[in-house]
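Undergrad: Give me a 3D structure for the following:
(chains A, B, C and D)
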There are 4 protein chains.
Amino acid sequence: MAIKVAFIGAGSIGFTRRLFRDILTVPELRDTRFAFTDINKRNLDMVTQLCLKDIRNNNLPAGVTATLNRRRALEGADYVINCARIGLLEAFKLDIDIPLKYGVDQCVGDTLCVGGIMYGQRNIACIHDFCRDIREVSAKNALFLNYANPNAMNTWAALDEGVNTIGLCHGVEGGWRQIANVLGVKQQDVDIICAGINHQTWYIQVICKGRKVSSGELLEAFERHPTYSRTEKVRIDVLRRFGYYSTESNGHLSEYVPWYRKRPKDIKKWIDLSSWINGETGGYLRECTQGRNWFKTDFQNWLSAKDKPISPDNRSSEHGSYIIEALETGRRYRGHFNVRNYGCIPNLPQDCIVEVPAYVDANGVSIPRVGELPLACAATLNASISVQRMSVRAAVAGDVTLLKQAVLHDPLTAAVCDPEDVWQMVDEMLIAQAEWLPQYRRAMPQARRRLAAAKRRGDYRGTNKSQGAARLPVKTVTQMRKRAAEHRRQAAAADKAAEQREKDARKATGK
Amino acid sequence: MAIKVAFIGAGSIGFTRRLFRDILTVPELRDTRFAFTDINKRNLDMVTQLCLKDIRNNNLPAGVTATLNRRRALEGADYVINCARIGLLEAFKLDIDIPLKYGVDQCVGDTLCVGGIMYGQRNIACIHDFCRDIREVSAKNALFLNYANPNAMNTWAALDEGVNTIGLCHGVEGGWRQIANVLGVKQQDVDIICAGINHQTWYIQVICKGRKVSSGELLEAFERHPTYSRTEKVRIDVLRRFGYYSTESNGHLSEYVPWYRKRPKDIKKWIDLSSWINGETGGYLRECTQGRNWFKTDFQNWLSAKDKPISPDNRSSEHGSYIIEALETGRRYRGHFNVRNYGCIPNLPQDCIVEVPAYVDANGVSIPRVGELPLACAATLNASISVQRMSVRAAVAGDVTLLKQAVLHDPLTAAVCDPEDVWQMVDEMLIAQAEWLPQYRRAMPQARRRLAAAKRRGDYRGTNKSQGAARLPVKTVTQMRKRAAEHRRQAAAADKAAEQREKDARKATGK
Amino acid sequence: MAIKVAFIGAGSIGFTRRLFRDILTVPELRDTRFAFTDINKRNLDMVTQLCLKDIRNNNLPAGVTATLNRRRALEGADYVINCARIGLLEAFKLDIDIPLKYGVDQCVGDTLCVGGIMYGQRNIACIHDFCRDIREVSAKNALFLNYANPNAMNTWAALDEGVNTIGLCHGVEGGWRQIANVLGVKQQDVDIICAGINHQTWYIQVICKGRKVSSGELLEAFERHPTYSRTEKVRIDVLRRFGYYSTESNGHLSEYVPWYRKRPKDIKKWIDLSSWINGETGGYLRECTQGRNWFKTDFQNWLSAKDKPISPDNRSSEHGSYIIEALETGRRYRGHFNVRNYGCIPNLPQDCIVEVPAYVDANGVSIPRVGELPLACAATLNASISVQRMSVRAAVAGDVTLLKQAVLHDPLTAAVCDPEDVWQMVDEMLIAQAEWLPQYRRAMPQARRRLAAAKRRGDYRGTNKSQGAARLPVKTVTQMRKRAAEHRRQAAAADKAAEQREKDARKATGK
Amino acid sequence: MAIKVAFIGAGSIGFTRRLFRDILTVPELRDTRFAFTDINKRNLDMVTQLCLKDIRNNNLPAGVTATLNRRRALEGADYVINCARIGLLEAFKLDIDIPLKYGVDQCVGDTLCVGGIMYGQRNIACIHDFCRDIREVSAKNALFLNYANPNAMNTWAALDEGVNTIGLCHGVEGGWRQIANVLGVKQQDVDIICAGINHQTWYIQVICKGRKVSSGELLEAFERHPTYSRTEKVRIDVLRRFGYYSTESNGHLSEYVPWYRKRPKDIKKWIDLSSWINGETGGYLRECTQGRNWFKTDFQNWLSAKDKPISPDNRSSEHGSYIIEALETGRRYRGHFNVRNYGCIPNLPQDCIVEVPAYVDANGVSIPRVGELPLACAATLNASISVQRMSVRAAVAGDVTLLKQAVLHDPLTAAVCDPEDVWQMVDEMLIAQAEWLPQYRRAMPQARRRLAAAKRRGDYRGTNKSQGAARLPVKTVTQMRKRAAEHRRQAAAADKAAEQREKDARKATGK
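TA: Alright, predicted model coming up:
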C-alpha cells in the first residue's frame, strides 16, 4: 500500500516542495500520499498549488491533501516531516536584535547562542504537541524526521517525548565538497566520517582515493585555496588549532565559540561579507527576509513557470527521501543523522544528540559507534551540549532560571556578558516573544517587573545601539529584480547556502 | 599496490583454500599476495600446492608464499586470517572424552562447556604470540580476522592484546536460510537482524518482504516443517520458550544451556542422529576425524581434480573476502561480526564480545547499536559471558582456580557436576593437555598431586564409562569410499555443516 | 516534633515489637508516634496490646495507633516499615510443596528459586499499592524500610515506583559472628566489608585486629571448627571454591546455586538437620508453622509475662532503629543495606539491588562505591540478578511468559527441570495462588486450560510424590510444650535463625 | 609496629610541620616514623630542626629523618604526603606575569586558568617520578596523600600512574564556617554535603539543626551579612545565579569562570582588596613572597619560640591526620576528598577527579555516590574538567598542541584571548619555564622559532603592559615588622587564607 508522508510547517514552501519532489523520484514511491499542514493558510495553499502542478505535469499517481488541522494530517502517517519555523521572521528578528543590545552579535542565531536558545524555547512547546499527536494518531512507530532548527534541541525534545525521531540537516555536504575541491578531486573520490553535534560536526576521517588525508595536508590545501582562504577564515583557524575541519559555515561556526565574535573589532577580521553565511551580522535573517519579500511578489510567476521534470537527475541530496527509500525498498543508504548519543561517541554525554554516520536499509536505521572524539573537539562540543540540555529542559518545564543558566553558559554570550546582563536580556526576550512561549506564561509578570525595576534603578543593560559589527541592509524587491533569476532560486531553495557554496566551488575549480 | 593477506594455521586446508579463492574472485584483488604459515609442514605444503594450482589454472597475477616462520609470513601483512586449531584432533578428542567421564556429554565442544573452555586455553596462549607478531611486524593497523574457535574467547583475547580484530563465523547464514525456507520464500526476501554472542545469536528481527514476522508465526512455521520439526527440536523448543530463533545448530545449542543434555535419558529426546550437528555425542569430532582420514588418502586426487573456475559464481558467503573487498574498494557490505560490545547491546556487559550486524565500506567497519535484547535471551547470554570472561582471564594468567570457576559456572556442567567433580575434571584435563598449555606449566605438578590424592582416598570422580548418550562410530576410509564424492566435498569444506544444511533445505523446499 | 513511624504488616508480631522496642531505646525518639496496620485484625490487636503494655511498663511518651485502613496509617509518616508476608503460611506452603512435585527441593524458598519468585509475585502487587499510598499521603521523601522478603525483588519494585526505599536484612550479622568465632576473637575485633545481593552477600574483606585475613586462613579456620565444619558444609565448600565466605545460611545458600540440591541423593551430603536453616526441606516453613501454632496457644501468657525493660542493653542489631536514629540525631551508623546498584559494584548491572555497606548520619544515607567483585562471585550473582529482573518485571506486568522465563533461568530449577516442567509448574502455582495474584487474573483461564490439556494428553510433569530429601514433621503444640521457653522465644523472634546461631556460637567458643 | 609517614616537599615548612604535629596528637600514632625529603637542603634542614624541637618539647617517641634522596625517604612508607611546589615562587611569578601580558588577569593562578595549567605541567612531570618510587619502594598499597596544587590535575595524574591516591584540600571548611556564620549558628549545628571538583565544590545540601536550608534563605543571609556582602561579591553572585554557594574564595572563583575578570574595568566591581584571597591580581603570589621573605629573616626566632603543646586542642582541621587515624585505629572520620569520579557524580565524566564526602574507618576509604549535580553547576564544572583532562594528558605526553588546546578552552582565557594569543602565550611560557618542564624539552626549539617569527612579522601579542587591574605591592620585611606576630603566623600557616577567614568570621559574629 502507498505510504503516507505528512509535512508539519508545509508552508516552508521551498523546503516542502524540494522533499516532495525528491520522494517522487523513487519509482516505488510514486504513489505516495502527502498530507500538508501549517497554521498559515496562505502559504499552505501556495505550496499545495505548486505540488499539485508538479503531480499533473509529471503524470504521477501521488496524492496531496492540505489541512489546517494538524491532527488530521498526521492521522495514519508513516513519516512525519517537520519544517515548521515557530514565530517566523517576526520572532527571528528579535532573536538577533535584542542580543545585539547586550553586545551579542550573531550571524545566523538559530542553533545556539541567545537566538538559537530562544528559538528552541519557541519550537519545543510545539514539538510537545506534535509528538502527542504522532503518538496518538500516526502509524505505529511512525518516523519523525525533524528538519526544524535548532535541530539538536528539537530532536532531543522529541526523543524525550518517546517519538521515533531523526534530526536531519544538509550540513555535512557542503564541507565535503569543499574538501574534495581543495584536494583537487571529485566528491565521490573522498570518503568522510563526520561526528559531533548538529552544526558542529567534525570531519574526523577524510580518505581520498583510499589514502587518509592528514590534518596538515588539509590545512595547507585550505590555506592556499584562492576563495576559501578568504571566505572561511574561522573554519581554517579552527582546523589549524583543533586539527579537524568543521562542517559549519564560517559565520555560523563563529557564533558557537568564544574566540572570534566577542568584540566588535575582532569580528571583521574573521568574516567575509561576500555571502551572508560567512559572518554577516544577522545574515541569515536578511536572506530569509529578502526571500519572503521576493516570493510574495513573484508567486504568480512560479505557478506558470516551466519546472524541471521530477526525475533522479533532479533529486537533491537532502537525506529525507533517501531514508524513506531505504526503509521502504531496502536500498542501502549512508548519511549523517542526528540521534541520541547512547555511547556512540563515548566522550560526549549519553543523553545528548549527536550527528554521526548512519546506515539505513530494510533492517532500519543503524547508528554505528564512532568512538572518542579528539579531546579539544569534545571539549568544545561539551560546552554546547550543556547549553542544549539546559535549554531543552527549561523549554519543557518553562523554567526561567534554567533558561538563564543556559544562556549564561553559552560560550559566546559568556565572553561578552556578565550574569546580570544575561538575566536582563533573557527577561527582555521572554517579554518580547511571549506570544510564542506559552510554557512561560506564568513567569511573564515577574519578568516584566524585574526589567522595569532595573530601568528604574538605572541599571538597565541593553543599551548598545549598534546594529552589529557587520550588518548589511535588506535588499528591496526593486533591487532584487535586477537579478531576478538568482533571487527566485534562492527564495525557492531548501538550503539557502547551497547556491553560494556551488558558486565558490565553481570558482575554486575554475569552471 | 597489491595487498598482502597472511593465513595462520593455513594447514586448515579446506578453510584456507576457500577464502583464498573467494578473495581472488574480486577483480581489484586478483594480484593479492598470500603468505601461508602453519606449524605442520605437510599440511602447509598440501594447501600451497592446491592454491598454486588454482592460480595457474585461473591465470591470475596473485602470489603465494609458504613458511613455517610465522613472523615472516606476517611481515607487512594488511590482513591476517587465523584458522589455527591448536592441538588438532588429538587434543579435541580429550575435550570430548574426559568430560564424558564426569557425565558431561557434549556434541561439538569447541565453544563453551568444558571442551570449549579448554580449547580456549590452548588457543589463547597462541593468540598472545600471534598478536605480538602482528603488532611488531604487520602493517600498521593490520586487520586480524579470527576464524578460530572458540571465536568469542579468541577475539576477546586478541582485542585485549590491542590488535584490531574481528571474529568471523558463518553461523548466521544457516538459520537465515532455514527461516526463509519455513516461510516459503527466497533468502533474499528475508531481512534479518541477529544479535547475541557467537554461536548464541538470536534472530531478533525477521522481516519478510517488508513485513515483520512474529514469534508465533515463526514457531508455527517451524513446528509444521517436515524436516526441521524433527532435526531442530532444541532450537524449536528455545523459540517456543524465548520467542526467538537461535542461530546455533540443534546439537551445539543444546550444550550451551542447562535444560536438554543434563541427563543421558533426556538427550535422545532432543537430538537427531541424521547429521552430526544435530546433537550426536562428539559429532563434530567424528566428522573432523573422518575428514582428516579421508583427506590423507585422497589428496593426490585433489591435485589432479578439475576444479571450478575462480569466479563470482563460485564465491562462498564467508565474510572474510567481502570485508577485504569493502575496505579496499568501498563496495558496501553488511554482515554479522564478532566485536567488543561497548554498549552495542546495553544489557550485555561492555567488555564482552558480541555478534551483531556491521557495515563495511571505505570508511571502515561500522558497528551499529542494536539496543537491549529480550530479557530471557540476555539472561542466557550473560551466563555464558561470565564463563567466557573467566576463561579468557584464566588463559592469559594461567590461573587454575579461575579456570575451575569458569567450568563451575558453565550452565550444562553445573547441571551435571558438583564442585569437586569440576575441580578434578579440570585437573585431569590440564594434565592430559599439558603440552598445549604452556601458561599452566607451573601448576601441573600440583594438579597431578591433587588428582593422585583423590584416587588414593577413593574419591576420584571421573568414573563414568559411558561413551555418551548418542555416540556414533567413526567411519573407516573403506566405508567412506562408497560415497567418495560426498566425503571429498565434506573434507574440503570450510563450513562442515553447510552441506547438511543445503540438503535439509533442498528436502524442505522439495527441490 | 515527634516523628511518625508506620508499620505495614504490623501483625508480624515478633518483628514489629522488636523494632518498636529498638526505636524507643533512643532517648530522642521516646515520643515516637507509631501507626500499625495489617489486614489481619486479630494479629493487629495482639501486637498493639503487647506494645501498649511496653509503653506503660516503661513509662514512655510514645503513642501507638492501629488501623485496618492502611492509608490512614501511612498519612504523614516519616518512616514506613514493611514486614508484610503476603499469603501467609498458606501460600508459603504452596511455594514449597508444588515445586517438590517437579523435583525442586527447597529449604527456605523465600528469596529465589521457584518459591522466592512466586513470593515476589504476591508481594510486588501489594508493594505497588503501598508505594502509591506513600507517595500520596506520607511525609515528603518519607523513607520506606522494606524488611519483607524477597527483599531484593521488593526493594527493586519499590524503587521503580519512585519511593525512597532501603531494603533491610540482618543477614550480614550472623556470618560476621561466625568469622570472629572461628578466628577466636570478639566480633568487635573484626571489621568486614560485605557486598553482593541480599542473601548472597560475600565477606570480601575481613580485617582482624588491623590485619587482612586471607581466604586460605579463613577456610582453614572454618574447616577445623567443630560445629561449623558439620553444619555449614555448603558455605565452607563455597568458600573453598570461590575464596569468599557467604553471608547466607547453609540451607538457604544451597538453593540459590545449581551444585548442591539438584539430586535427592546429593542433598543429604551437604545439609545438617540440627537446625531448620541448615538445609532441611521446607525448614523455614516448618519453623514458622510451629511458631504460629505456638503463639496462638501462648498469647495470653505473653500479655502477662514480665518483659525486659526497653533500654540500650536490650536493643537488637536490626538496622531499622539505627537508621532512624542516625538520620534524626546525626549519630553516625554503618550497616549493610539493599539499594539500587548504580555502579557501586561495577561488574553487576546498574539497575540491580545490591547489599553493600552504607553510612548514615544527618546528611542522609551514603552508599560508597565498593568496586568490582571477584569474577566467580559476580558470575553467581549475575545469574540470580537476571532471575530477579525478570521476576520483578513479570510481577509488575502480570506477564506469564516472562515469569516462566524467570523460573527457567533459576540456577537450581534449571539443573532439575526441563522447559516443559517449568511451564507446567508455573501454571500450577499461578492457579493455586490465584487469590494473591490479582495482576495475573486475566491469564488464569488459559493457565487452567494448558494444565488440563497436559493432564489429558498424559504429559503432566508434577508427578513426584516425595516430601523432599530432608523433611521433618511439624511439631505439635504438645511436643513444643516440653521446651516452652525456647519455643516462646523463637515464636517472638524477629530473626528466627538468631537463637540457633547464638547456640552454635556459644558451643563453638566453649561458653 | 609504628607507621612510617614520608613527606615529599617537606621544605614547605608551615605545611609539613602542621601535619606532623596533627598526627602526633593521636595517642596511637605518637611513635610515628617521619621521613622528610626535599630538593632544597636549606628548607629541609629548617623544618627538621623545628620538628625535632617539637618532639623534644613534647617528649614523644616519634622519629624524624631527613634526606635529599627521595627514594630513601619513601622506602617502606605507609603514607606519602606530597606538598611539593615545583618551581617555587620563581616559576609562580611567571604563571601570573606572562598571562598578564596577554590580558589574562589572575588572582591565585594555581588551579586552572593559564597559571594553574602551567603549574600542572611542572608538577605532573614530578608526580610521575614520585609514583614510580612509591610503587617500587614504599609499602604495598601505600596511600599517597596529595596536598600539592593543582590538586585535581596532580591527583588525576597520580591515579593514572596506578598509585592509591587521595587529593586533600581544606577548601570545604572555610565556606562551611561562613554558612554557619550567616545563619547565626555554630559550625557543628550545620551539616553539609559538598560536591564538585577541587576549588569548585558546591554546598549542595545544607542542613541547619536538622532543617534543610533553601537557596533563597542562604542568599538572603549572605546578602545582608555586613562583611561577606562586601568581600564575597563573586561568590554571592554565583549563589544568586546558580542557587548554590561555592567553596571557593572570591578571587579564586572569579578566575575559573568567564564572567567576572574578562575586562579590566569589570574586575574591581567584583573583588575586595582587604585580603589577597578576595580577588587581588597575583594576590597569592604576593602573600607567598612576603611569607618567604619574612621567614628567611625570622627563622631564628622560630627556633627559640615557645610553641603550643602538641595536643588535641591544637590539632588543625586538615584531613591528613584524621585519615591516618581512621585507617589505623578504626575511629570513623568524614571529610571531603578528591578521588576519581567513577559515577559518584553521574553527570560529570567518569574519569575526572571529584571532591566529595567520604567516610574513613578500618574498612578503608569509602566514597559514597552523590548523585547528579544541578545542571548549571555541572555545566561550569564540565568546562573546567575538559581543561584538566587536556592539561593532564598534555603534561604526561609533553604534547604542546594539546597544552595549547587546554589553555584555549579555559573559560577565562577564552573570554579574553583569541587562538593566536593563546598559541603565543603558551610558547612564551614554555620557553620561560623550560627548566621545570623536561617533558617538553624537544619542543622548545620550535617554540622559540615560532615566537621569534611572530615578533619579526610584527604580530607578537603579549604587549599588554598593565600590572593587572588590582595589583598591590609586595610588602618589604621592614613594613612587615610592624605587624610581626601576624606575619609570623601567616608565614607558618599551612592554609594561608585561614587567618583572614577567622578574622572575617570574628568580625561577622561580633566577637
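Undergrad: Would you map the strands across chain A?
TA: According to DSSP state E, chain A carries its strands in the segments A:4-8, A:33-37, A:63-67, A:79-82, A:143-146, A:165-167, A:190-197, A:200-208, A:211-212, A:333-340, A:353-361, A:364-366.
Undergrad: CA atoms of stretch A:207-214 as CSV?
TA: What follows is stretch A:207-214, C-alpha atoms only, in CSV (Å, rounded to 0.1, in the frame of the first residue of the first chain):
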residue,chain,number,x,y,z
ILE,A,207,40.0,9.3,2.9
CYS,A,208,41.0,10.5,-0.6
LYS,A,209,41.2,7.7,-3.1
GLY,A,210,41.9,5.2,-0.4
ARG,A,211,44.5,7.3,1.4
LYS,A,212,44.0,9.0,4.7
VAL,A,213,44.4,12.8,4.5
SER,A,214,46.3,14.3,7.4
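Undergrad: Check which residues of it are buried.
TA: Using 16 or more other CB atoms under 10 Å in any protein chain shown as the test for burial, stretch A:207-214 gives A:I207, A:C208, A:V213. Just so you know, the C-beta spots here come from the backbone N, C-alpha and C atoms, and that holds for glycine as well.
Undergrad: wait, which of the residues you listed is closest to chain D?
TA: Nearest to chain D among the buried residues of stretch A:207-214, counting by CB to the nearest CB, is A:V213 at 18.1 Å.
Undergrad: Excluding sequence neighbours, find me the nearest residue to the closest one.
TA: With sequence-adjacent residues excluded and distances taken as CB to CB, 6 or more residues apart in numbering or on different chains, A:V213 is closest to A:V206, at 4.3 Å.
Undergrad: where does that neighbour land on pLDDT?
TA: What the model reports as pLDDT for A:V206 is 97.
Undergrad: Point out where chain A drops to low pLDDT.
TA: Chain A contains residues with pLDDT under 70 at A:498-502, A:504-511.
Undergrad: Give the residue farthest from the middle of it.
TA: Largest separation from the mean C-alpha position in chain A: A:R457, at 39.9 Å (CA atoms, centre = their mean).
Undergrad: Around chain B, pick out the residues from chain A.
TA: A:191-193, A:205, A:207, A:210, A:328, A:330, A:332, A:334, A:342-344, A:346, A:357-359, A:361-364, A:366-369 (CB under 8 Å from any CB of the partner chain).
Undergrad: Now restrict those residues to buried residues only.
TA: A:191-193, A:205, A:207, A:328, A:330, A:332, A:334, A:342-344, A:346, A:357-359, A:361-364, A:366-369.
Undergrad: re earlier: number of residues surrounding the residue nearest to A:V213?
TA: A count of nearby residues for A:V206, using other CB atoms under 10 Å in any protein chain shown, gives 23.
Undergrad: Which parts of stretch A:389-409 count as buried, going by neighbours?
TA: Within stretch A:389-409, the residues scored as buried using 16+ other CB under 10 Å are A:389-396, A:398-409.
Undergrad: Could you work out the end-to-end span of that stretch for me?
TA: Counting by CA to CA, to the nearest Å, the length from the leading to the trailing residue of stretch A:389-409 is 11 Å.
Undergrad: mind checking the end-to-end distance for stretch A:461-469?
TA: In stretch A:461-469, first residue to last residue: 19 Å (CA to CA).
Undergrad: Can you show me the helices along the stretch 401-511 of chain A?
TA: Using DSSP state H, counting those that start in this stretch, the helices found in the stretch 401-511 of chain A span residues A:411-416, A:419-432, A:444-456, A:477-481, A:484-492, A:498-509.
Undergrad: Just name the most buried of these.
TA: Most buried of the helices of the stretch 401-511 of chain A, by mean neighbour count (mean count of other CB atoms under 10 Å in any protein chain shown): helix A:411-416, with a mean of 26.
Undergrad: And that one, what does it pack against?
TA: Counting contacts by 3 or more CB pairs under 8 Å, 6 or more residues apart in numbering or on different chains; DSSP states H and E, helix A:411-416 is packed against helix A:113-137, helix A:375-397, helix D:411-416.
Undergrad: okay, the ones you listed in JSON lines with distance to A:V80 next?
TA: What follows is the helices and strands packed on helix A:411-416, written out as JSON lines (distance: least, CB to CB, whole Å):
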{"stretch": "helix A:113-137", "distance to A:V80": "6"}
{"stretch": "helix A:375-397", "distance to A:V80": "20"}
{"stretch": "helix D:411-416", "distance to A:V80": "40"}
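Undergrad: Which of those helices has the highest mean neighbour count?
TA: Note that of the helices and strands packed on helix A:411-416, helix D:411-416 is the most buried (mean count of other CB under 10 Å), with a mean of 26.
Undergrad: Could I get the full set of helices for the stretch 251-400 of chain A?
TA: A:264-270, A:283-304, A:319-329, A:375-397, A:400-409.
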